[in-house]
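1. Provided below for reference: sequence and predicted model.
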Amino acid sequence: MLRTLTIRDFVIVDTIELEFANGFSVFTGETGAGKSILIDALQLALGGRGDASVVREGAAKADISADFQIEADAAAAAWLMEHEFALEEGGALLRRVIDNAGRSKAYINGIAATASQLRELGDLLVDIHGQHAHQSLLKLDAQRGLLDNQAQLQDASAAPLALEVAGLHKQWRAVVRQREAFERDEKNVLIERERLEWQVAELDKLAVKPGEWTDISNEHTRLSHAASLLEGAQEALAALSESDQPILSQLSSLNTKLGKLVAVDSQLQGVLDCMEPARIQLQEAVYALNDYLDRVELDPQRLRDVDARMDALHSAARKFRVTPETLPEEHVSLTEKLAELSGASDLEGLRQQEAALEERYLKAAGKLSKLRAGAAQRLGEQVTEAMQELSMTGGRFAVGLNPAEPSAAGLEQVEFLVAGHAGVAPRPLAKVASGG
């Protein structure tokens, strides 16, 4: 069901947002009121052709969005799953943008798409009937969708089951392609796996840790400048507290003298208030320097060890064509690739996985076939009964379930069959239906 239609800068429309509810909606108005423009905009959102002429004069682009509720539409939901477009709040948001240079962009649930994808999904959501339009009712895929909807009315499990069948078919075929690719290119896969095993083993042996390059670089800088650091710290400590006339002693003496003078002239109190914190800070600096000198020492052996570790990291980074600090991330990436390739190169494991998925698919598809068979019989009886009331006495309607190759839609092709008169065998709807 179409929930909202939003149109901006399309032909003569500035901005309009229409909201729809359940039931039958009608647009009325005199010629030229813009009824057809709304349908044209919807068709554009559904992947119809458009060019720069649809952009309102003076605007940069036309932007049309159509929001559909599709929780009850198994075919559309299955299509979204198959093409990896996430279901947004039980619906699908189709958007089309055309700029005034004629360039077009398409989106499904906020993800970039192609106009052909909009058309594929639109065919499952909307049927626009015009005087010369082809009706989706004549398409086999649409007939299957209608039957599945009928099955859902009778059994609430049908719609989720159709999604399950589509998902299992996708998984099964993906493993089949993986297995076939491995059988086709087994030698190259084995060579790539051996290469990754060697690379991962090299990095396992190196055992580089996240952040290690930064830590060891800082340590190397400190160790290589240890002599300069010791000399500078000792010189600062001597000037502050250990020389013949240390700064700290001089400052303490000055503070004492000023303290006595304050008693004579209180205006010096501000000066004393500034100098006393300075003396305290210098005393703290002396404590810190002494502590630093107790901890820092020349360690030639540690410097040699750090040099060797940095050389090893540099060498590995050059070998893997990365920077030293990103070696841990490279290790993780190569390990993940090896795990994927090891799983993919397990031919027997792939065959077992393929067989298991095929069995699950066939089981789910078989259940779906039974639901369709029951729905097909009920639908045939109901439509046949309705035909008698429409002066088509003796007419019959049936739903054919023709065996087909396993697909995302199941194990059968649905086809509507109609006989307009008594004594006539039902034939495909596409061949016997008139325009009326």
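-> All right, it came through fine. Residues are numbered from 1 along each chain as shown.

2. Pop out the phi and psi values for the closest residue to I16 other than its chain neighbours.
-> Among residues not flanking I16 along the chain, I7 sits closest, at 5.1 Å (CB to CB, 6 or more residues apart in numbering). From N, CA and C alone the C-beta is placed, and that goes for glycine too. Recorded main-chain torsions at I7 are phi -130, psi 130, according to degrees, to the nearest 10.

3. Bridging across strands, which residues link to G410?
-> Counting by DSSP bridges, G410 is bridged to S407.

4. isn't it right up against S369?
-> Yes - taking CB atoms under 8 Å as the definition, G410 is a contact partner of S369 at 6.3 Å.

5. okay, these two: which has more neighbours?
-> Taking neighbours as other CB atoms under 10 Å, G410 and S369 compare with G410 leading, 26 against 17.

6. who's in contact with the more buried one?
-> Counting by CB atoms under 8 Å, 6 or more residues apart in numbering, G410 touches 162, 165, 365, 368-369, 372.

7. just the residues you listed: which has the poorest pLDDT?
-> Within the contacts of G410, the minimum per-residue pLDDT falls on A162 (84).

8. Could you say which helix or strand holds that one?
-> Secondary structure from DSSP states H and E places A162 in helix 158-184.

9. helix or strand right after that helix?
-> Next helix or strand after helix 158-184 toward the C-terminus (DSSP H and E): helix 186-206.

10. Let me know the average pLDDT across that next one.
-> 83.

11. How about stretch 376-386?
-> The average pLDDT for stretch 376-386 rounds to 91.

12. Give me the residues contacting that stretch.
-> For stretch 376-386, contacts defined as CB under 8 Å, 6+ apart pick out 147, 150, 154, 395-401, 414.

13. what about 6 Å?
-> Applying CB atoms under 6 Å, 6 or more residues apart in numbering, the contact partners of stretch 376-386 are 150, 396-399, 401.

14. rewinding a little: I figured the residue nearest to I16 hits T15, correct?
-> No - using CB atoms under 6 Å, I7 is not in contact with T15, being 7.3 Å away.

15. Could you check which of those two has the larger neighbour count?
-> Taking neighbours as other CB under 10 Å, I7 and T15 compare with I7 leading, 25 against 11.

16. rewinding a little: buried residues in the helix holding A162, which are they?
-> Neighbour counts over helix 158-184 (16 or more other CB atoms under 10 Å) mark 158-159, 161-170, 172-173, 175, 178-179, 182 as buried.

17. and it, how far from the chain's centre?
-> Centroid displacement of helix 158-184 relative to its chain, using CA atoms, centre = their mean, to the nearest Å, is 20 Å.

18. next one: stretch 120-130
-> Centroid separation for stretch 120-130 versus its chain: 27 Å, with CA atoms, centre = their mean.

19. Likewise for stretch 244-253?
-> A distance of 69 Å separates the centroid of the chain from that of stretch 244-253, by CA atoms, centre = their mean.

20. Enumerate every residue touching A113.
-> 106-107.

21. which one in this protein is furthest away from the centre?
-> When each C-alpha in the chain is compared with the mean C-alpha position (CA atoms, centre = their mean), V264 comes out farthest, at 79.6 Å.

22. pretty sure it is in a strand, no?
-> No - V264: not assigned to a strand; according to DSSP: H, G, I helix; E, B strand; the rest coil it is coil.

23. Phi and psi next, for it.
-> Dihedral angles of V264 (phi, psi; degrees, to the nearest 10) stand at phi -90, psi -40.

24. And D14, by the same measure?
-> Here D14 shows phi and psi, under degrees, to the nearest 10, equal to phi -80, psi -70.

25. try T393
-> Backbone torsions of T393, given as degrees, to the nearest 10, read phi -60, psi 130.

26. What sits closest to it if chain neighbours are left out?
-> Closest to T393 by CB to CB, 6+ apart is A422, at 6.9 Å.

27. Helix, strand, or coil at that neighbour?
-> With three-state DSSP as the basis, A422 sits in coil.

28. what about it, distance to L42?
-> The gap separating A422 from L42 is 42 Å, by CB to CB, to the nearest Å.

29. Between the two, point out the one with more neighbours.
-> The residue with more neighbours, out of A422 and L42, is L42; 21 against 10, by other CB under 10 Å.

30. for the more buried one, what are its contacts?
-> Contacts of L42 by CB under 6 Å, 6+ apart are A66.

31. Could you give the average pLDDT over the strand or helix carrying it?
-> For L42, the host element (DSSP H and E) is helix 35-45. Looking at helix 35-45 alone, the average pLDDT works out to 87.

32. after it comes which helix or strand?
-> Following helix 35-45 in sequence order, the next helix or strand is strand 61-69 (DSSP H and E).

33. Next, the angle helix 35-45 makes with that following strand.
-> Interaxial angle, strand 61-69 versus helix 35-45 (axes from the mean of the first three to the mean of the last three CA atoms, to 10 degrees): 80 degrees.

34. for strand 61-69, packing partners?
-> When contacts are defined as 3 or more CB pairs under 6 Å, 6 or more residues apart in numbering; DSSP states H and E, strand 61-69 packs onto strand 2-10, helix 35-45, strand 91-99.

35. Pick the most buried one from those.
-> Burial of the helices and strands packed on strand 61-69 is given as mean neighbour count (mean count of other CB atoms under 10 Å); strand 91-99 ranks first at a mean of 22.

36. Once you drop chain neighbours, what's closest to Y107?
-> R95 (4.2 Å).

37. That neighbour and S65 touch, don't they?
-> Yes - R95 is within contact range of S65, at 4.5 Å (criterion: CB under 6 Å).
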